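**Student:** Turn this into a structure:
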Amino acid sequence: MPKMKSVKGAVKRFKVKKSGKIKRGTAYRSHILTKVDGKHHRQMRSPKHVDPVDAKNIKEMIVG
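**Tutor:** The predicted structure is shown next:
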């Protein structure tokens, strides 16, 4: 049987932390941020984690 391949798009977007949680980026951070108020801009800077419901599927994509 062939090896299971990981989904390269998922590997680039997610990181598994030591605790087992999956770290993810924040959406809407690329450009035209002058319209975003300062509070929301600061909140987007902080690390986010994937919801536990989605974590199982993402781990399967990363490990392959």
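
**Student:** All the strands of this protein, residue numbers only.
**Tutor:** 15-16, 22-24, 48-49 (DSSP state E).

**Student:** how close does the residue nearest the centre of the chain get to Thr34?
**Tutor:** By CA atoms, centre = their mean, the chain has its centre lying nearest to Arg24, at 2.1 Å. Remark: distance between Arg24 and Thr34 (CB to CB, to the nearest Å) = 25 Å. Every C-beta, even on glycine, is put in place using the N, C-alpha and C of the backbone.

**Student:** tell me which residues of stretch 21-30 are tucked away?
**Tutor:** Counting neighbours by 16 or more other CB atoms under 10 Å, one finds that the buried residues in stretch 21-30 are 22, 24.

**Student:** what's it in contact with?
**Tutor:** If you take CB atoms under 8 Å, 6 or more residues apart in numbering as the criterion, stretch 21-30 is touched by 13-17, 36, 44-45, 47-50, 55, 58-59.

**Student:** how close does the residue nearest to the centre of the chain get to Lys48?
**Tutor:** Taken as CB to CB, the span from Arg24 to Lys48 is 5 Å.

**Student:** With mean pLDDT and distance to Pro2 added, can I get the strands of the chain in a markdown table?
**Tutor:** Below are the strands of the chain laid out as a markdown table (pLDDT from 0 to 100; distance: least, CB to CB, whole Å):
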| stretch | mean pLDDT | distance to Pro2 |
| --- | --- | --- |
| strand 15-16 | 95 | 24 |
| strand 22-24 | 96 | 26 |
| strand 48-49 | 96 | 32 |
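
**Student:** got those as a markdown table, with distance to Gly9 columns?
**Tutor:** Below are the strands of the chain laid out as a markdown table (distance: least, CB to CB, whole Å):
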| stretch | distance to Gly9 |
| --- | --- |
| strand 15-16 | 14 |
| strand 22-24 | 13 |
| strand 48-49 | 18 |
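
**Student:** From Pro2, how far out is Lys59?
**Tutor:** 20 Å.

**Student:** Please say which of those two ends up with more neighbours.
**Tutor:** Neighbour totals were compared for Lys59 and Pro2, and Lys59 leads with 15 against 4 (other CB atoms under 10 Å).

**Student:** so who does the more buried one touch?
**Tutor:** 16, 22.
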